[in-house]
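*Asks:* Below: sequence and its predicted model.
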Amino acid sequence: MFLRKQNRQTSVSNDMANKQQRYEVLVLALHSDIFRYAFWLVKDKAVAEDIVQETFLRAWKSLDSLKDERAAKSWLITILRRENARRFERKRFDLVDIDDVSVIDEQLSNEVEIEHRELRAIMASLSEEYREPLMLQIVFGYSGDEIATQLNLNKNTVMTRLFRARNQVKEELDKTNDNRGRKNG
Amino acid sequence: MDELEFRRTLYADPYCKDDKVLAAIAGDPKKQVFCKELKQLDKNMQQASQVKIPDDLMHKLILRQTMQSHRTSKVRKRIQLAVAASVAFVVGMSFTMWQQSHLLDLSKQAIAHVHYEGGYALDAEENFSLQQVNAKLAQFGAEFSEDIGRVYYANFCDFENVRSLHMVVEGENGKVSVFIVPHDATYLAEGSSQDRRYNSQAVDLKRASIVVVQEAGTNNNKMKEQLKRKIQFSA
């Protein structure tokens, strides 16, 4: 009887160790992507960090429900979006101004960085319904179908939003280029 | 595929693998440039989107979860302990109560004893001296310091496995049965009870209980107090 109990205990701690390992692999592999996703969702580093922590904590608690590791990314995104929505239920934060987004980069040394900064500001200025599918496509390499599944939208809607998102980015870029051209010229 | 549809499709997904789109690109150098531009834009956006990850984020994520699981396991241990304690408490309580519910009520037992014996002791007409009574009482380390009246009967009897002294003495209203029962854990040492024929009272003293049984309707108090006063236990 005592023997059996001991065996069960070791198997319990084995389970715990397995879970711990799974979790750490998940964090290692996905925390960057998930953080970036959170950042582009809320456009604020500190808030993004909070949400990511909540997301992973929740993931840890319900890690057993994740049966297929390949689905981990979309599973985490789902949790993250729910956490984000919950944040709005609790308290409505003031969204950060686009100008503040430039704070992201500490070292702005070359022209590429300046270009990126402009691009970031433009991306951040997109409304959420355009920004989110665009980030899924660009950052995560999701296909139209995958985005549709993840965001619970139909595919045509997703494609339309992607089109409009790029269209807006293009227009904004052209505008700034025009301005710069005028200033420089 | 017209120009507008082509642009729409490519804007939605620059890496579109649709045959019609690919064919349109292949047949038009302008469209090739357009497609290349869009892919470049995607690349730029992808690079621009790579914001810096806070250095300690990964450690925080792992640490926080470790603390969380530590806390839950601590809580779980505490809950287990609480459950174990509750179970032990309930077992202890019910055992005590079970034991108590099985305690014999001395006064009831005495009445049963008198009933069971019938006239054997009550019909006895002997006359024991105080010395004879005290000689028997000495077994319990007790004696009567004064005369307690005529003693018709005095002998040891088995009182539910406890060796006790059974006496019949003279009372105001006839014969009175008196039991002197040494202390035993299985007795409720004090109390009173009655049935149709008898009533009885038990009183707990230093080393033994005295139970007085008389005919129903008579008062036991006087006899009880008298015996209580006269009995003495050696230290």
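*Replies:* Right, received. Where do you want to start? Numbering: from 1, shown residues only, chains lettered A, B, ... in the order given.

*Asks:* contacts, neighbours, all on C-alpha from now
*Replies:* Noted.

*Asks:* Leaving out chain neighbours, which residue sits closest to the residue nearest the centre of chain A?
*Replies:* In chain A, the C-alpha closest to the average C-alpha coordinate belongs to A:Tyr37, at a distance of 1.2 Å (CA atoms, centre = their mean). With CA to CA, 6 or more residues apart in numbering or on different chains as the criterion, A:Tyr37 has its nearest non-adjacent residue at 7.2 Å, and that residue is A:Met135.

*Asks:* Which of the three states applies to the one you found?
*Replies:* helix (DSSP: H, G, I helix; E, B strand; the rest coil).

*Asks:* quick one on the thing from earlier: could you pull up the residues touching the residue nearest to the centre of chain A?
*Replies:* A:135-136, A:139 (CA atoms under 8 Å, 6 or more residues apart in numbering or on different chains).

*Asks:* Work out for me the element it sits within.
*Replies:* helix A:2-42 (DSSP states H and E).

*Asks:* and that helix, how far from the chain's centre?
*Replies:* Distance of helix A:2-42 from its chain centroid, counting by CA atoms, centre = their mean, to the nearest Å, is 20 Å.

*Asks:* what comes up buried for the helix or strand that contains A:Leu76?
*Replies:* Taking DSSP H and E as the criterion, A:Leu76 maps to helix A:72-90. By 16 or more other CA atoms under 10 Å in any protein chain shown, the buried positions in helix A:72-90 come out as A:72-77, A:79-81, A:83-84.

*Asks:* Please enumerate residues in contact with that helix?
*Replies:* Taking CA under 8 Å, 6+ apart as the rule, helix A:72-90 contacts A:26, A:30, A:34, A:38, A:51-52, A:54-56, A:58-59, A:66, A:150.

*Asks:* Now do the contacts for the closest residue to B:Lys20 other than its chain neighbours.
*Replies:* Using CA to CA, 6+ apart and skipping the chain neighbours, the partner closest in space to B:Lys20 is B:Met1 (7.2 Å). Residues near B:Met1 by CA under 8 Å, 6+ apart: B:20-21, B:24.

*Asks:* Then B:Tyr11?
*Replies:* Neighbouring residues of B:Tyr11 by CA under 8 Å, 6+ apart: A:162-164, A:166-167, B:38.

*Asks:* Go through those and name the one nearest B:Val75.
*Replies:* Closest approach between those and B:Val75, by CA to CA: A:Leu162, at 48.0 Å.

*Asks:* related to what we said a few turns ago, before we move on, what SS does the residue nearest to B:Lys20 have?
*Replies:* With three-state DSSP as the criterion, B:Met1 reads coil.

*Asks:* confidence score at it?
*Replies:* What the model reports as pLDDT for B:Met1 is 73.

*Asks:* quick one: it and B:Cys16, what's the gap?
*Replies:* 14 Å (CA to CA, to the nearest Å).

*Asks:* Over to B:Val151?
*Replies:* Applying CA to CA to B:Val151 and B:Cys16 gives a distance of 121 Å.

*Asks:* which of the two has more neighbours?
*Replies:* B:Val151 (23 against 14; other CA atoms under 10 Å in any protein chain shown).

*Asks:* Any stretches of the chain with poor pLDDT?
*Replies:* I'll assume chain A. A:1-12, A:90-109, A:180-185 (pLDDT under 70).

*Asks:* my bad, the chain I had in mind was chain B
*Replies:* B:101-103, B:185-186, B:189, B:235.

*Asks:* Would you state the strands of it in chain order?
*Replies:* B:104-105, B:142-144, B:151-159, B:162-171, B:174-182, B:187-188, B:191-194, B:198-204, B:208-215, B:231-233 (DSSP state E).
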